[in-house]
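[1] Turn this into a structure:
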Amino acid sequence: MSNIRVMFVGHGPSNLPEDEVVNVFHFQKTGDYATNVGDTLTQVEAFYTAVYSGNTVGQFLSPWVQRTAQLRAYDLLTDPPRIPTIQTLSLPSAESNSGLPEEVAICLSYHGAVPPALTPHRRGRIYFGPLCTTAYSIANTTNPARPSTSVTQTLGLAAAALVLSGAGWAVRTKHGGTGIAPGFLTLIHDGYVDNALDTQRRRGPRTTARTAWPVG
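    Predicted structure coming up:
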């Protein structure tokens with residue numbers, strides 16, 4: 001048995017850790033880590049780069065995110081500090097040359113089979129972003145700004161493909177609960193993509209200047 005964590009790490013223009021964009025995936029498979037890590041990294045790479053209905057997940061990432069990213073895999077059945085297996089990931093070109101604010105994201109939610117999966121310990125989410133401008137529909141007098149249909153469908157198809165690939169994609173319980181130990185993994189069965197934009201405040205840039213408004 002192997003329990004594997006894979007982190008997608010996108011780099012901002014500064015290459016500083018504070019500008020990294022991270023999404024986390026967990027997997028449970030038969031066989032040991034060394035046997036499974038290569039295939040697992042390939043399956044996560046496909047999530048970002050494979051074509052679904054004419055689009056890729058990676059093309060909706062803002063041009064602020066460098067197109068050379070990293071996948072970092074960890075063997076969760078070893079004691080920390082864990083040494084990652086690192087693989088370079090070449091993201092598709094951004095679909096547009098402009099991006100939304102770095103805090104703007106789309107929420108991809110997932111859970112195990114029901115019953116009893118709809119508990120806090122058996123469901124999770126990924127906040128996908130930062131986004132390029134083609135990933136949303138512009139607000140008007142009657143409708144709010146929302147994710148574009150193309151990005152929500154592409155995210156959903158990519159998630160479904162990851163489940164159906166037999167990768168062993170799973171929800172990991174961090175703190176545990178009644179009858180569930182910390183680190184327990186539940187295989188993902190299905191999920192959904194919200195049609196509302198979300199906010200990840202920690203991804204926002206720091207203030208670099210202030211415009212004073214003197215009184216008198």
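
[2] going forward, measure contacts between C-alpha atoms and count neighbours the same way
    Fine.

[3] In space, what's closest to the most centrally placed residue in the chain - neighbours in sequence excluded?
    Nearest to the centroid of the C-alpha atoms of the chain, with distances taken as Cα atoms, centre = their mean, sits Asn23, at 3.7 Å. Once flanking residues are discounted, Asn23 sits nearest to Phe8: 5.1 Å by Cα to Cα, 6 or more residues apart in numbering.

[4] Mind telling me what element that neighbour is part of?
    Using DSSP states H and E, Phe8 sits in strand 2-10.

[5] What is that strand packed up against?
    Strand 2-10 sits against strand 21-29, helix 33-49, strand 68-75, with contacts defined as 3 or more Cα pairs under 8 Å, 6 or more residues apart in numbering; DSSP states H and E.

[6] rerun that using 7 Å as the cut-off
    When contacts are defined as 3 or more Cα pairs under 7 Å, 6 or more residues apart in numbering; DSSP states H and E, strand 2-10 sits against strand 21-29, strand 68-75.

[7] who's in contact with the longest one?
    Read it as strand 21-29. Under the contact criterion Cα atoms under 7 Å, 6 or more residues apart in numbering, strand 21-29 has outside partners 1-11, 126, 167-172.

[8] which stretches of the protein form helices?
    Listed in chain order, the helices of the chain (DSSP state H) span residues 33-49, 149-164.

[9] what's the closest of those helices to Glu18?
    Nearest to Glu18 among the helices of the chain is helix 33-49; the distance by Cα to Cα comes to 22.1 Å.

[10] The closest one relative to strand 68-75, how many degrees between them?
    On the basis of axes from the mean of the first three to the mean of the last three Cα atoms, to 10 degrees, helix 33-49 is oriented at 150 degrees to strand 68-75.

[11] residue ranges with poor pLDDT in the protein?
    In the predicted model of the chain, residues 115-118, 120, 175-182 satisfy pLDDT under 70.

[12] Which residues belonging to stretch 33-43 are considered buried?
    Tyr33, Asn36, Val37, Thr40, Leu41, Gln43 (16 or more other Cα atoms under 10 Å).

[13] Relative to the whole chain's centre, how far out is it?
    Its chain's C-alpha centre lies 18 Å from the corresponding centre of stretch 33-43 when counted by Cα atoms, centre = their mean, to the nearest Å.

[14] which residues are contacting that stretch?
    Contacts made with stretch 33-43 from outside it, assessed by Cα under 7 Å, 6+ apart, are listed as Ser2, Leu71, Asp75, Leu162, Ala167.
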